[in-house]
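Novice: Just a sequence and a predicted model for now, questions to come.
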Amino acid sequence: MIKYEFPLNERVRKFLRIEEIFKNFDNQLVVKNRFDDYACFNLYFHIMATASRTDLKVELIQEVEKQRALISKKIKTKKNILAQNQLKKVKLQLEKNKTKTGFDFGRDKFLHELKTRSITPSGIIITDFPELQYWLESTAQKDRKIYFMNKIKEYSSIKAAITTLMKILRDNIETNVMQSKNEAVQYKLNPLLKNDLVVISLPEASKYYPNISSNKYAVNIHFARPTTISPFKLLKFKLGIASF
């Protein structure tokens, strides 16, 4: 099954976007033979631009505290106690976070120069930047990975908060097994609920992918595929809606 996630508001869209950037960064650091320094630098700059925002930190603290309050009203099971402790830990980490907003490179002229070059049409290349070539060729891959890991440490509280909150959101998904004979499907939402995320799961063999638009009252799904070579057939899929 291929799982597609679609945010139903800008807040969750922002959380998903930052979560994906962190995941892409982590994926670079775990590969052995295809480690890409250029990708790591660009992803790091994306993280600096998004995860350092003061309003994001405030929003995360508020959401973490809200989830703690909701769990405190539930039965004190081992799972709920662990969740509360995790949220408490995440909130403390966020409150201690002193990351400066925006692109703060301190005295690191090398990183500042890389950022400047990353926004040029040619991007980061070694042709015009011998210092980068020297760093790439004189520093062992293991040490370059450690360099990136150290750089990302100051954003660990933001990453932990988003990871924890998105897990809570995904755990709240209510899934329905559905089928359609048409490419276009409309799923009605309960306007009294605050819907945050829709998740659609499709079999790989179906060869379709969903395009989604939504409003307060409904989710509109259009199933498409790269090439239309035969009439649309009965399609079975799973649809889930989640909210904080």
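Specialist: Looks like it arrived, so ask away. What you see is a predicted model; the values in this text were computed from it and never measured. Numbers count the residues shown, from 1 in each chain.
Novice: mind showing which ranges of this protein have poor pLDDT?
Specialist: Filtered on pLDDT under 70, the chain yields the residue ranges 228-229.
Novice: helices or strands up against the helix or strand Glu137 falls within?
Specialist: Secondary structure from DSSP states H and E places Glu137 in helix 130-138. The contact analysis (3 or more CB pairs under 8 Å, 6 or more residues apart in numbering; DSSP states H and E) places helix 130-138 against helix 109-118. Where C-beta positions appear, they are placed from N, C-alpha and C, glycine not excepted.
Novice: Just checking the distance from the helix it packs on to the centre of its chain.
Specialist: Centroid separation for helix 109-118 versus its chain: 25 Å, with CA atoms, centre = their mean, to the nearest Å.
Novice: who touches that helix?
Specialist: 41-42, 45, 103, 105, 123-125, 128-129, 131-132, 135 (CB atoms under 8 Å, 6 or more residues apart in numbering).
Novice: Pull out the buried members of those.
Specialist: Buried by 16 or more other CB atoms under 10 Å: Phe41, Asn42, Phe45, Ile124, Leu132, Trp135, out of the contacts of helix 109-118.
Novice: re earlier: closest to Ala205 out of the contacts of helix 109-118?
Specialist: For the contacts of helix 109-118, the minimum distance to Ala205 (CB to CB) is 35.0 Å, reached by Asn42.
Novice: which stretches of the chain form strands?
Specialist: Ranges of strands in the chain, per DSSP state E, are 2-7, 174-180, 184-188, 197-202, 209-214, 218-224, 235-242.
Novice: hey, which of those is tucked in deepest?
Specialist: Highest mean neighbour count of the strands of the chain: strand 197-202, a mean of 20 (counted as mean count of other CB atoms under 10 Å).
Novice: what's that strand packed up against?
Specialist: Counting contacts by 3+ CB pairs under 8 Å, 6+ apart, strand 197-202 packs against strand 2-7, helix 156-171, strand 209-214, strand 235-242.
Novice: how about a markdown table for those, with distance to Leu192 added?
Specialist: A markdown table is the format used below for the helices and strands packed on strand 197-202 (distance: least, CB to CB, whole Å):
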| stretch | distance to Leu192 |
| --- | --- |
| strand 2-7 | 20 |
| helix 156-171 | 19 |
| strand 209-214 | 16 |
| strand 235-242 | 13 |
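Novice: For Ser156, give its distance to Thr227.
Specialist: Distance of Ser156 to Thr227, given as CB to CB, to the nearest Å: 44 Å.
Novice: which parts of the top helix by length along the chain are buried?
Specialist: Looking across the chain with DSSP state H, the single longest helix is helix 10-30. For helix 10-30, the buried set under the neighbour-count rule, 16+ other CB under 10 Å, comprises Val12, Lys14, Phe15, Leu16, Ile18, Glu19, Ile21, Phe22, Phe25, Gln28.
Novice: on that earlier part again, run through who's touching the helix holding Glu137.
Specialist: Contacts of helix 130-138 (CB under 8 Å, 6+ apart): Asp37, Phe110, Glu113, Leu114, Ile124, Ile126, Arg144.
Novice: what does the domain assignment say about this structure?
Specialist: Domain assignment for the chain, taken from automatic domain parsing, gives 9-167, 173-242.
Novice: got JSON lines for those domains, with distance to Met1 too?
Specialist: Below are these laid out as JSON lines (distance: least, CB to CB, whole Å):
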{"stretch": "domain 9-167", "distance to Met1": "19"}
{"stretch": "domain 173-242", "distance to Met1": "5"}
